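Novice: Structure of the sequence below:
(one chain, ligands or ions: 1)
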Amino acid sequence: MRQKGILIVISGFSGAGKGTLVKEIMRRHGEYSLSVSMTTRPPRAGEREGVEYFFTDRAHFEETIAADGLVEYAQYCGNYYGTPKAYVEEQLKAGKNVILEIEIQGALKIKEKFPESLLIFVTPPSVEELKRRLEGRGTESAEVIAKRLNRAAEESEGMEAYDYIVINDSLEEGAEEIHRLVDASRAAPVRKQDFIREIREELYHFAKGVQD
Ligand code: 5GP
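Specialist: Prediction:
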């Protein structure tokens with residue numbers, strides 16, 4: 001039987017290198033799909049509509065919320081971000097592992113709605129490295145960098161809610177570590193509930209027969 005795909009949430013501080021890591025996982029393994037989010041944040045230089053995000057305005061975003069078109073959404077640094085529902089449902093059904101690259105409020109909502117989802121938090125090895133990566137990106141002003149570091153401090157409060165923490169030191173190792181976690185999680189009890197129920201019933205049935 002074809003297994004249904006796994007829903008994977010990847011979060012991490014802005015500048016942790018999540019985006020590059022996700023691209024590497026997809027380059028190495030064919031069974032992953034990346035969900036493209038909808039946002040009210042203006043595009044950064046080089047970002048394309050429908051590739052990095054679906055860019056929209058607040059009115060349209062709020063209409064989409066009202067129409068139940070999002071799996072989850074959150075506000076981050078003054079903008080809305082949300083996961084369109086149709087794509088996620090369709091890809092999971094097709095057996096793909098769907099990656100959501102989203103922040104913590106959204107991640108917690110996903111865990112609540114889909115307890116079998118896998119929550120992974122990606123962090124650079126140190127705060128020094130995080131600051132260096134944010135500055136090195138060259139697309140953000142000092143004010144935005146300060147805002148994102150502040151936000152990272154807040155987000156560090158939520159790290160315990162994740163199933164795994166991956167330290168993103170080397171791209172190849174980080175990508176393979178995540179792939180291994182996803183593969184291993186197929187055996188998690190929460191994903192095997194029908195099997196557990198069946199085997200338990202059979203065991204009780206058998207045990208009763210032996211007792212009688
Ligand atoms: P950025 O503006 O740097 O692209 O993204 C800011 C934050 O929003 C990142 O932590 C990113 O993972 C998160 N994000 C992107 N898309 C979504 C989404 O659909 N839902 C939620 N909750 N967060 C998102």
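Novice: Nearest to the ligand: which residue in this structure?
Specialist: residue 106 (2.3 Å; C-beta to the nearest ligand atom). Just so you know, the C-beta spots here come from the backbone N, C-alpha and C atoms, and that holds for glycine as well.
Novice: Mind listing what's buried along the helix or strand where residue 148 lies?
Specialist: Take DSSP states H and E as the rule and residue 148 turns out to sit in helix 142-155. Buried residues in helix 142-155, defined by neighbour count with 16 or more other C-beta atoms under 10 Å: 145, 148, 149, 151, 152, 155.
Novice: would JSON lines of those with pLDDT be doable?
Specialist: Listed next are the buried residues of helix 142-155 as JSON lines, based on pLDDT from 0 to 100:
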{"residue": "145", "pLDDT": "86"}
{"residue": "148", "pLDDT": "83"}
{"residue": "149", "pLDDT": "88"}
{"residue": "151", "pLDDT": "84"}
{"residue": "152", "pLDDT": "88"}
{"residue": "155", "pLDDT": "86"}
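Novice: Show me which pair in those residues is furthest apart.
Specialist: 145 and 155 (15.1 Å; C-beta to C-beta).
Novice: who in the protein is up against the ligand?
Specialist: Contacts of the chain with the ligand, taken as C-beta under 6 Å from any ligand atom, map to 14, 37, 41, 72-74, 76, 81-83, 101-103, 105-106.
Novice: Please identify which helix or strand holds the spatially most central residue of the chain.
Specialist: Central residue of the chain (C-alpha atoms, centre = their mean): residue 9, 1.7 Å from the mean position. Residue 9 belongs to strand 7-12 when elements are defined using DSSP H and E.
Novice: Quick check: what element follows that strand along the chain?
Specialist: helix 18-28.
Novice: What's the mean pLDDT across that next one?
Specialist: Averaged across helix 18-28, the pLDDT comes to 94.
Novice: Between strand 7-12 and it, find me the angle.
Specialist: Angle, helix 18-28 to strand 7-12, by axes from the mean of the first three to the mean of the last three C-alpha atoms, to 10 degrees: 140 degrees.
Novice: Contacts for the helix ranked longest in the chain, please.
Specialist: Secondary structure of the chain read by DSSP state H shows that its longest helix is helix 193-211. Outside of helix 193-211, the residues within contact range by C-beta atoms under 8 Å, 6 or more residues apart in numbering are residue 189.
Novice: one step back: export the strand holding residue 9 as PDB, just CAs?
Specialist: The C-alpha coordinates for strand 7-12 follow below in PDB (Å, rounded to 0.1, in the frame of the first residue of the first chain):
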ATOM      1  CA  LEU A   7       3.700  16.800   6.900                       C
ATOM      2  CA  ILE A   8       7.000  18.400   8.000                       C
ATOM      3  CA  VAL A   9       7.300  21.800   9.600                       C
ATOM      4  CA  ILE A  10      10.700  23.400   9.400                       C
ATOM      5  CA  SER A  11      11.200  26.500  11.600                       C
ATOM      6  CA  GLY A  12      14.200  28.400  12.700                       C
END
